[in-house]
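> got a predicted model here, sequence first, then my questions.
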Amino acid sequence: MELFAHPLFLLGSVPVLLTVLLVLWLGATLKNRVIHALFSPVAYGKLTASLRPVSRWRNVCLLGAVFFLFVALAGPQWGTEIIEAQGNFAQTIIAVDVSASMRAQDLKPDRLENAKTMLRMLISNLKEERIGIIAFTSQAYTQCPITTDQDALTYFINALQPDMLPLPGTSLAAPVRLSAHLLSKYPGKKALILLTDGEDHSPKELEEATDIAVKNNIRIIAIGIGTKEGTLIPDKVDNSGRVLEYKKDKQGNTVVSKLDDKTLLELAKATGGAYIPYTSPAQVASLVENQVRELDKTTSSTSRHAVYKNRYQFPLILAILLLAVYLFWPLGRRKSLLKPTA
């Protein structure tokens, strides 16, 4: 712990105090010379006999006032307090499909890498917004809570991998429900940015999840990753990136993954959001950014940290009291340093 927030002010007090001492000494010296030149010691003694003598303590009070003023400027500090920073932000959740179909290479190098590239561009343009990240397959899990921390968001985006979650399949209802849970405490319009190829293995749950999103005023910005023609899903790849085997279903048939934009269009329309077909990272990032800019901003906490309490009030009060004593000290002559001659 540092006892003073600005210790340089203490060093600055030294020349100021020496200057005040010099001025007081020069004033006293000049005063004695003038008195000696105009009056004899006996005459001066008679003229000032009825006046109250000036105490040296008056000058001590002045020096003390100057010293404690600089101590206050130095910012003495002890004890801690929690400071909470706040700002106005839009609240957004990014939900990324990490099912096996995101390995499909109809977008090079694959669907998920394209999504990650676009998301890195997006969050770099939304530094003043609060964003959370969800990864989902048939279930959804929070990867990064809602935050303004750009480094944390970038880290979790880079960490997204196909099949990183233990449950196979794809459910669009799962990220919608989890997003509603995370965003429900915030007022106004929020957004769920949903990046997926649109394949849904549990469509019956989607209608209920959509109603939850509408109830919580969440716009779904759906981004369709992939092509309508579709492609095979790599299942085994060697170190050089060459596909050794493609994914097969339970019957042994090779799986072809296609973009299902119909479901995504309906989902976006039902929540007052937008459907954006994936073209290029920069173009999609720009379109999504425009959508997020339209959201309502709410006052939210950005960070909490402990700081030392500034105790400048105590030396400042002492400085004011000492200055008041100096100014209102009863004035009078100092005892003459010259002894009257007989």
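Right, received. Where do you want to start?
> can you show me the strands along the protein?
For the chain, the strands defined by DSSP state E occupy 77-89, 91-97, 130-136, 140-147, 190-196, 218-224, 231-232, 234-237, 243-246, 256-257, 274-277, 298-310.
> looking at those, which is nearest to Leu183?
Leu183 lies closest to strand 190-196 among those, at 4.5 Å (CB to CB). (Each C-beta comes from the backbone N, C-alpha and C, glycine too.)
> I'd like the strands of the chain laid out as JSON lines, including mean pLDDT and distance to Pro162.
Shown next, in JSON lines, are the strands of the chain (pLDDT from 0 to 100; distance: least, CB to CB, whole Å):
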{"stretch": "strand 77-89", "mean pLDDT": "69", "distance to Pro162": "31"}
{"stretch": "strand 91-97", "mean pLDDT": "95", "distance to Pro162": "9"}
{"stretch": "strand 130-136", "mean pLDDT": "94", "distance to Pro162": "10"}
{"stretch": "strand 140-147", "mean pLDDT": "93", "distance to Pro162": "14"}
{"stretch": "strand 190-196", "mean pLDDT": "94", "distance to Pro162": "12"}
{"stretch": "strand 218-224", "mean pLDDT": "95", "distance to Pro162": "17"}
{"stretch": "strand 231-232", "mean pLDDT": "92", "distance to Pro162": "14"}
{"stretch": "strand 234-237", "mean pLDDT": "82", "distance to Pro162": "9"}
{"stretch": "strand 243-246", "mean pLDDT": "84", "distance to Pro162": "13"}
{"stretch": "strand 256-257", "mean pLDDT": "90", "distance to Pro162": "11"}
{"stretch": "strand 274-277", "mean pLDDT": "94", "distance to Pro162": "21"}
{"stretch": "strand 298-310", "mean pLDDT": "65", "distance to Pro162": "33"}
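> Throw those into JSON lines and include distance to Leu287 and mean neighbour count, thanks.
Formatted as JSON lines, those follow (distance: least, CB to CB, whole Å; neighbours: other CB atoms under 10 Å):
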{"stretch": "strand 77-89", "distance to Leu287": "20", "mean neighbour count": "12"}
{"stretch": "strand 91-97", "distance to Leu287": "14", "mean neighbour count": "27"}
{"stretch": "strand 130-136", "distance to Leu287": "16", "mean neighbour count": "25"}
{"stretch": "strand 140-147", "distance to Leu287": "22", "mean neighbour count": "19"}
{"stretch": "strand 190-196", "distance to Leu287": "11", "mean neighbour count": "27"}
{"stretch": "strand 218-224", "distance to Leu287": "9", "mean neighbour count": "25"}
{"stretch": "strand 231-232", "distance to Leu287": "24", "mean neighbour count": "18"}
{"stretch": "strand 234-237", "distance to Leu287": "29", "mean neighbour count": "14"}
{"stretch": "strand 243-246", "distance to Leu287": "32", "mean neighbour count": "12"}
{"stretch": "strand 256-257", "distance to Leu287": "24", "mean neighbour count": "19"}
{"stretch": "strand 274-277", "distance to Leu287": "5", "mean neighbour count": "19"}
{"stretch": "strand 298-310", "distance to Leu287": "24", "mean neighbour count": "12"}
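> and those as JSON lines, adding distance to Arg111?
Below are these laid out as JSON lines (distance: least, CB to CB, whole Å):
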{"stretch": "strand 77-89", "distance to Arg111": "30"}
{"stretch": "strand 91-97", "distance to Arg111": "8"}
{"stretch": "strand 130-136", "distance to Arg111": "14"}
{"stretch": "strand 140-147", "distance to Arg111": "18"}
{"stretch": "strand 190-196", "distance to Arg111": "9"}
{"stretch": "strand 218-224", "distance to Arg111": "10"}
{"stretch": "strand 231-232", "distance to Arg111": "9"}
{"stretch": "strand 234-237", "distance to Arg111": "11"}
{"stretch": "strand 243-246", "distance to Arg111": "15"}
{"stretch": "strand 256-257", "distance to Arg111": "8"}
{"stretch": "strand 274-277", "distance to Arg111": "13"}
{"stretch": "strand 298-310", "distance to Arg111": "32"}
